[in-house]
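J.: sequence plus predicted model, see below.
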Amino acid sequence: MYIKRETVSVTTAVGGAATGYSKPVNGQILSIQYVKTDFADGVDFTITLETTERGLWTELDVNASAIRAPRQPAHSQAGAALHFNDEGDEPVPVPICAADERVKIAIANGGDGNTGVFHITVG
């Protein structure tokens, strides 16, 4: 598998909000890493694929660098959720795929004029 990393630096405006975009990516979104530079503590992320709006990472009140491996629940051909056990409380996770889409990174509460860096790993 060929793996590529896209790096996106996002700088907030007055009021602490910003939106940044990656270059178009193709493949499985393997991970997203936030590297704290000077975003204010308590920053909020909403990270999605731009066109399909599939959610990749939403988290409130982030205070430190973090890494997430976004997944979505798998489904049968009939549309039923697939589970690891009979109780149905452990969904089978599968990677989220992008087909020539940008990753959209929306920031709130990041502080005025502050910056954060995101590394998106695609395979």
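T.: Everything's here; your move.

J.: what's the weakest-modelled helix or strand in the chain?
T.: Comparing helices and strands within the chain by mean pLDDT, DSSP states H and E singles out strand 71-73 as the least confident, with a mean of 92.

J.: output the contacting helices and strands for that strand.
T.: Other elements packing on strand 71-73 under the criterion 3 or more CB pairs under 8 Å, 6 or more residues apart in numbering; DSSP states H and E are strand 93-101. C-betas here are computed from N, CA, C, even on glycine.

J.: got the buried residues for the strand it packs on?
T.: Under the neighbour-count criterion of 16 or more other CB atoms under 10 Å, strand 93-101 has 95-98, 101 buried.

J.: quick check, nearest of those residues to G16?
T.: Within the buried residues of strand 93-101, proximity to G16 (CB to CB) peaks at E101, which comes in at 26.2 Å.

J.: right, and that closest one touches L56 too?
T.: No. The criterion here is CB atoms under 8 Å, and E101 misses it with L56 at 10.6 Å.

J.: between these two, which contacts overlap?
T.: Both E101 and L56 are in contact with L49, where contact means CB atoms under 8 Å, 6 or more residues apart in numbering.

J.: any idea of the mean pLDDT for stretch 107-122?
T.: Confidence over stretch 107-122 (mean pLDDT, whole number) is 97.

J.: no wait, stretch 39-46
T.: Stretch 39-46 comes out with an average pLDDT of 97.

J.: run the chain-centre distance for it.
T.: Between the mean C-alpha point of stretch 39-46 and the mean C-alpha point of its chain there is a distance of 14 Å (CA atoms, centre = their mean, to the nearest Å).

J.: alright, that wraps it up for me.
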